[in-house]
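[1] Here is a sequence with its predicted model. Questions after.
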Amino acid sequence: MNLLHLKRLAGVLALSHAAALSWAAQPIQHVVVAGDTLYDLAERYLDDPAQWQALALANGNPQPTRLPPGLVIVVPAELLRARPGGARIEHLSGDVTLQAAGQAPRPLAPDDVVLDGDVLVTARNGFATLRLADGSLVRVAGDSEVRFDRLGYSVRRKRGDTRVGLTRGRVESSVPRRTAGPANRFEVQTPVMSTGVRGTRFGVSMGPAGAAADVSEGRVAAQARSAGAVAVRAGMGLSSQAPAAPVRLLAAPDLGGVPVLQERPLIDVAFPAVPGALAYRAYLTRDTALDQVVANDVFATPRARLEGLEDGHYLVAIRAIDAHGIEGAVASVPIDLRARPEPPATLAPDVGGEVASADVELRWAAVTQAASYDLEVARNIDFAQPLVQQRVTGTAHALAALATGQYYWRIRSVPAEGAPPGRPGPYSDPRAFSVRPPVATRVEVQQSADRLALHWDGEPGQTYRVQVAGDPQFAAPQIDLTTDAPRLDAPALDGGRYYLRVQATDPDGYVRRYSTPQAFDVRRLVRVGAGALRVDGGAGVELP
């Protein structure tokens, strides 16, 4: 073995020793309960019962088998250093704090070590996964408070000895089975119920109404304070409320209709209600084992909405919760979140608005990450046959000479070439608008001796209000009539200049604006015999 290898090995050993020391940096204070002995405490905290004398010496040599309840036994840090218990933080998300005995709460960080007596608290958005020395995993959900009363591990026996106190919220635990020797001891205690296992996967919840346990694998021994121990097998659950017997877990939700591709920053997962469910717990995780949860919450309806997430690949896992707080079987579905760069906010036309012109300007807000935008305009909401499909710069685009009717438009942000995420973002939701230009863009005026005929452009099914006045303000119209056809036959007017405007009402009741007033002249001619009286130049002679 060369010198370089020896140096590297020494460095590894030193690092391992430093890590072991960090698992027990503080002495432990144990409050004696009835039945405790120094032999038991030595095995629990020091790994070897033969060390009970060192523990006795550190505490004034009390009688080893006659410890009075309430006595505080201090386990010195130097004795703990030989015992690699504790738990290490493997994953964190949201707000999670840790409070050691006699210290203020502090934020947790990955690879931090949790020791006996430490209290871990998660905010509503928080989640923590801890790995114990025996390989067990403890997952602490949001809005929970957990005290790690005992995190022991026997090097000689290779056996874990864990007791977790759940004050509120939920913990989910995976305890490995041992193929030889005594099984790992693992307990979760609540104020109203305790659970013990020898190798399984299970969850325990604690809420205002009581505690509940649910078993995914193996078997759990659960005991409420007012009842005897009950064996709860996989697929069953037990509540500290009635009934006292185990019940079958609620079925896993049906997530078959959940879209895998999610294109908005808020992940929205809606699914059919589970019969018997009063609430639902949702996890968003990066792994199938549900160890790397990045968001979690409880929802009163069968719809989970989780936000504040980066684009990427996730798994959504959901359980139904029954009236007794027992959480059911889990269902999961992959989610591909592609929400960035976000589409711009649209400014005009108003969504669902009516545009009284055949020329329409589309406007939208600028997106910082966008170098350009992809615009689509269509007559149908599915955009199967877009009228416009164009990449544009700027924040506006003009559409000209649109026919009357309904239109849809959508837009997405396009980053600069080479900028993340290297692809256009999702399209905005379709925005609808209607084009309803005023009628009478073309008016024909015909006059005879005693009649006036007017014609204008119209659309099928429209009705019209027609006004003719001697002034462009239409203060006193000479004609103010309605008609079902785009024409009007009216008595002849006196000679002079007149103004015409038409207002259309569509078949759906929508009343359009008046058309732009148009001027026309009426000439009253002197008539003789079969025609108008004309002068030598051929011009008709008008009446005064």
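    Looks like it arrived, so ask away.

[2] all strands of the stretch 51-200 of the chain, in order?
    72-75, 87-93, 96-99, 106-107, 113-114, 119-122, 127-132, 137-140, 144-154, 159-175, 185-189, 193-197, 200-207 (DSSP state E, counting those that start in this stretch).

[3] closest one to Thr346 among those?
    strand 87-93 (33.8 Å; Cβ to Cβ). Where C-beta positions appear, they are placed from N, C-alpha and C, glycine not excepted.

[4] Remind me what that closest one packs against, helices and strands.
    Here strand 87-93 touches strand 113-114, strand 127-132, strand 293-299, going by 3 or more Cβ pairs under 8 Å, 6 or more residues apart in numbering; DSSP states H and E.

[5] now Asp494: how far from Phe299?
    Using Cβ to Cβ, to the nearest Å, we find Asp494 at a distance of 76 Å from Phe299.

[6] Wait, a strand at Ala42?
    No: assessed with DSSP: H, G, I helix; E, B strand; the rest coil, Ala42 is helix; it does not lie in a strand.

[7] Am I right that Leu151 is in contact with Gly86?
    Yes: between Leu151 and Gly86 there is a contact at 5.0 Å, judged by Cβ atoms under 8 Å.

[8] Among these two, which residue is more densely surrounded?
    Leu151 (27 against 23; other Cβ atoms under 10 Å).

[9] and that one, what are its bridge partners?
    Going by DSSP bridges, Leu151 is paired in beta bridges with Thr162.

[10] Against Arg159, how distant is it?
    13 Å.

[11] And for Arg225?
    Arg225 is 28 Å from Arg159, by Cβ to Cβ.

[12] Quick one: residues contacting the residue nearest the centre of the chain.
    Among the residues of the chain, Leu306 comes closest to the average C-alpha position under Cα atoms, centre = their mean, at 2.4 Å. Listed by Cβ atoms under 8 Å, 6 or more residues apart in numbering, the contact set of Leu306 reads 266-267, 269, 282, 284, 295-297, 316.

[13] circling back to that earlier point, out of Arg225 and Arg159, which sits in the busier spot?
    Arg159 (17 against 11).

[14] pretty sure the more buried one is touching Pro182, no?
    Yes: with contacts counted by Cβ under 8 Å, Arg159 reaches Pro182, the gap being 5.6 Å.

[15] Which of the helices or strands spans Asp480?
    Assessed by DSSP states H and E, Asp480 sits inside strand 479-483.

[16] Quick check: buried residues in that strand?
    Residues of strand 479-483 classed as buried by neighbour count (16 or more other Cβ atoms under 10 Å): Ile479.

[17] and the next element down the chain from it?
    Following strand 479-483 in sequence, per DSSP H and E, is strand 487-491.

[18] Average pLDDT for that following strand, rounded please.
    In this model, strand 487-491 has an average pLDDT of 88.

[19] Could you do stretch 129-145 as well?
    Mean pLDDT, stretch 129-145: 96.

[20] the strands in the stretch 351-500 of the chain, which residues?
    Counting by DSSP E, counting those that start in this stretch, the strands of the stretch 351-500 of the chain are 353-355, 360-364, 372-378, 388-392, 396-399, 405-414, 431-435, 443-447, 451-456, 463-469, 479-483, 487-491, 496-505.

[21] would CSV of the ones you listed with distance to Val197 be doable?
    Below are the strands of the stretch 351-500 of the chain laid out as CSV (distance: least, Cβ to Cβ, whole Å):
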stretch, distance to Val197
strand 353-355, 63
strand 360-364, 57
strand 372-378, 55
strand 388-392, 60
strand 396-399, 64
strand 405-414, 51
strand 431-435, 56
strand 443-447, 89
strand 451-456, 86
strand 463-469, 79
strand 479-483, 84
strand 487-491, 89
strand 496-505, 76
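
[22] what about these, which gets the closest to Pro64?
    strand 405-414 (72.9 Å).

[23] quick one: low-confidence ranges for the stretch 201-350 of the chain?
    226, 242 (pLDDT under 70).

[24] 90 instead, please
    Counting by pLDDT under 90, the ranges of the stretch 201-350 of the chain that qualify are 209, 223-229, 241-245.

[25] Domain ranges for this protein, per the record?
    261-337, 346-435, 443-528 (automatic domain parsing).

[26] just to revisit the earlier point, right, and the helices and strands packed on strand 87-93 - which one's nearest Val360?
    Here strand 293-299 is closest among the helices and strands packed on strand 87-93 (Cβ to Cβ), at 41.0 Å.

[27] Parallel or antiparallel, list what pairs with the next helix or strand after that closest one.
    The helix or strand immediately downstream of strand 293-299 is strand 303-306, counting by DSSP H and E. As defined by DSSP bridges, the strand partners of strand 303-306 come to strand 267-270 (antiparallel).

[28] List the contacts of the strand it pairs with.
    If you take Cβ under 8 Å, 6+ apart as the criterion, strand 267-270 is touched by 255, 257-258, 262, 282, 284, 302-307, 309, 314, 316, 318, 333, 335, 337.

[29] filter these to the buried ones?
    By 16+ other Cβ under 10 Å, the contacts of strand 267-270 give 255, 258, 262, 282, 284, 302, 304, 306, 309, 314, 316, 318, 333, 335, 337 as buried.

[30] Name the nearest of the residues you listed relative to Tyr498.
    Nearest member of the buried ones among the contacts of strand 267-270 to Tyr498, counting by Cβ to Cβ, is Gln262, at 62.1 Å.
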